[in-house]
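Colleague: Here is my input, please return the structure:
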Amino acid sequence: MDSDDLIKIINGFIKLPYKFSYSCNTINILFYDNDKLVYSFWIDPSWRIIKNNKIISSSATCPWHEDYENEKEYNNEFHKWCSQTNYLDNLKIKKVLINKPIHDLEIHWEDSTILQVYITDDSDWNWYVSNRVKKVDYMAFSDTIKIETR
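Modeller: Numbering: from 1, shown residues only. Down below sits the predicted model:
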């Protein structure tokens with residue numbers, strides 16, 4: 001599979017309702033059809049979110065649990081960090097780009113917010129798309145898109 005084939009798959013679901021969330025400094029974007037989870041993006045670092053030419057969030061700015069004396073303090077900071085992008089759930093995704101040849105990813109929202117994902121590791125995937133119904137993952141490596149079934 002090449003990136004053009006994957007873009008066709010992505011374009012088939014990016015207009016669906018979605019939920020944007022984090023697992024530590026990893027991004028999850030979950031797409032729903034009639035309240036059923038059908039597709040998702042799983043995006044590992046390195047990434048950044050830009051609005052009006054300003055970085056509003058990045059994988060590098062995520063609070064690290066080890067930097068806090070207690071769980072409550074960490075949770076407060078993590079939720080504060082996450083809240084910077086809460087507005088994305090209310091926006092439509094305008095387009096998704098996979099930059100060749102190394103499969104960097106860009107997601108563009110209707111208000112000009114851009115998520116930029118940089119391939120940083122040749123030995124592992126940096127982001128992937130899951131078809132949750134067919135149980136198929138499309139994993140982006142620097143030199144290829146691999147398909148795995150679960």
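
Colleague: any idea how far residue 34 lies from residue 59?
Modeller: For residue 34, the distance to residue 59 equals 32 Å [CB to CB, to the nearest Å]. Heads up, the C-betas are built off the backbone N, CA and C, glycines and all.

Colleague: When these two are compared, which one has more neighbours?
Modeller: Taking other CB atoms under 10 Å, residue 34 and residue 59 do not tie; residue 59 has more neighbours (20 against 7).

Colleague: Would you confirm that that one contacts residue 22?
Modeller: No - between residue 59 and residue 22 there is no contact under CB atoms under 8 Å: 9.6 Å.

Colleague: Assign the nearest residue to residue 121 once chain neighbours are set aside to helix, strand or coil.
Modeller: Leaving out its chain neighbours, the residue that sits closest to residue 121 by CB to CB, 6 or more residues apart in numbering is residue 142, at 7.7 Å. Judged by DSSP: H, G, I helix; E, B strand; the rest coil, the three-state class of residue 142 is coil.

Colleague: Show me which helix runs longest in this protein.
Modeller: In the chain, taking DSSP state H as the definition, the longest helix is helix 71-83.

Colleague: So in that sheet, which strands flank the next helix or strand after that helix, and in what orientation?
Modeller: On the C-terminal side of helix 71-83, the nearest following helix or strand under DSSP states H and E is strand 93-99. Strand 93-99 has its sheet partners listed here by DSSP bridges as strand 104-109 (antiparallel).

Colleague: which residues touch the partner strand?
Modeller: Strand 104-109 is contacted from outside by 29, 41, 43, 88, 91-99, 114-119, 127, 140, using CB atoms under 8 Å, 6 or more residues apart in numbering.

Colleague: rerun at 10 Å
Modeller: Strand 104-109 has contacts (CB atoms under 10 Å, 6 or more residues apart in numbering) with 3, 6, 10, 14, 20, 27, 29, 41, 43, 46-47, 49-51, 87-88, 90-99, 113-120, 126-127, 129, 140, 142.

Colleague: so where do the strands sit in the protein?
Modeller: For the chain, strands defined by DSSP state E occupy the ranges 18-23, 26-33, 36-43, 47-51, 54-58, 93-99, 104-109, 114-117, 127-131, 136-140, 145-149.

Colleague: Can you list the helices and strands that the third one packs against?
Modeller: To tie it back to what came earlier, the one meant is strand 36-43. In terms of contacts (3 or more CB pairs under 10 Å, 6 or more residues apart in numbering; DSSP states H and E), strand 36-43 is packed against helix 3-11, strand 18-23, strand 26-33, strand 104-109, strand 114-117, strand 127-131, strand 136-140.
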